[in-house]
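Participant: would you be able to build a 3D model of this:
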Amino acid sequence: MLSLSDTTAVVSALRAAGCVFAEDEAELMLATAGTPDELTTMVDRRAAGQPLEHVLGWAGFRGLRVLVEPGVFVPRRRTEFLVGEALAQAPEASVVVDLCCGSGAVGAALAAALGDTELHAADIDPAAVDCARRNIAPYGGHAHLGDLFDALPAALRGRIGILAANVPYVPSGEVGLLPAEARDHEPLVALDGGGDGLDVLRRVAAGAPEWLAPGGCVLVETSERQAGAAVGAFAAAGLTARLAVSEELYANVVIGVRDQD
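Facilitator: Reported below is the predicted structural model:
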């Protein structure tokens, strides 16, 4: 059994399991574990290949500690760029929707930054909705279960200032090439974007205009090679579309804006 005071033993166990950032992970586990038994279990789970965030039970995201339960998509640091772009595009948004919400990290981060806002999150995965509900509760958020816009209350039509949709965008044939942490422990529905990876993105683009407020924006993350087609899908839906890129975070975000009526 590992001791809460024996950092060296924890680092050694993690390094032996192939964890590249063993020192950083050990620090997080030691700070999170309440007992030696809990610490030992955490190290064993991590050594078995479970994502660090599932082991800890939380992930850091834009300064927040977001609850992340087993089986729920882990928020990536690169997605913080999407949040920043949303805030820059619509700094006074009063209605925010986190679509394909996973843990609800994006919605929580937007609400934390905007202050007084009406927040909704939706996902097709019940485990994600349960997790998101807990993360957005401090902001008075509402979580909904369902397929994209079908999950949202009809009263939101034409009122959304920020529609953040962290859609799955891995082509079906490439899901098997993902790191085992994602492939084996995150839900397929949060990863698989169809033949070219853009199936869900196209559906979001097509549906967004009727849900956005005049001047409202929709943002999705995609890959560099898909960016051109993604911008085209937004433009085809009648949105004013552009691409924002963070080379530091390897992030590509497509932004679509509904024209002012």
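Participant: would you mind measuring from residue 117 to residue 142?
Facilitator: Counting by C-beta to C-beta, to the nearest Å, the gap from residue 117 to residue 142 is 12 Å. Placement of C-beta: from N, CA and C, glycine included.
Participant: do the same with residue 218
Facilitator: Taking C-beta to C-beta, one finds residue 218 at 19 Å from residue 142.
Participant: now do residue 167
Facilitator: Taken as C-beta to C-beta, the span from residue 167 to residue 142 is 20 Å.
Participant: equivalent analysis for residue 180, please.
Facilitator: For residue 180 relative to residue 142 (C-beta to C-beta), the value is 35 Å.
Participant: same deal with residue 34?
Facilitator: 32 Å.
Participant: the more surrounded of these two?
Facilitator: The residue with more neighbours, out of residue 34 and residue 142, is residue 142; 18 against 8, by other C-beta atoms under 10 Å.
Participant: that one against residue 121, yeah?
Facilitator: Yes - using C-beta atoms under 8 Å, residue 142 is in contact with residue 121, at 7.4 Å.
Participant: what do the two both touch?
Facilitator: residue 136 (C-beta atoms under 8 Å, 6 or more residues apart in numbering).
Participant: residue 136: what secondary structure?
Facilitator: With DSSP: H, G, I helix; E, B strand; the rest coil as the basis, residue 136 sits in helix.
Participant: could you pull out the helices in the chain for me?
Facilitator: 7-16, 22-32, 36-47, 52-56, 80-89, 105-114, 126-136, 180-185, 199-211, 227-236 (DSSP state H).
Participant: now do stretch 233-252: distance to the chain's middle.
Facilitator: 17 Å (C-alpha atoms, centre = their mean, to the nearest Å).
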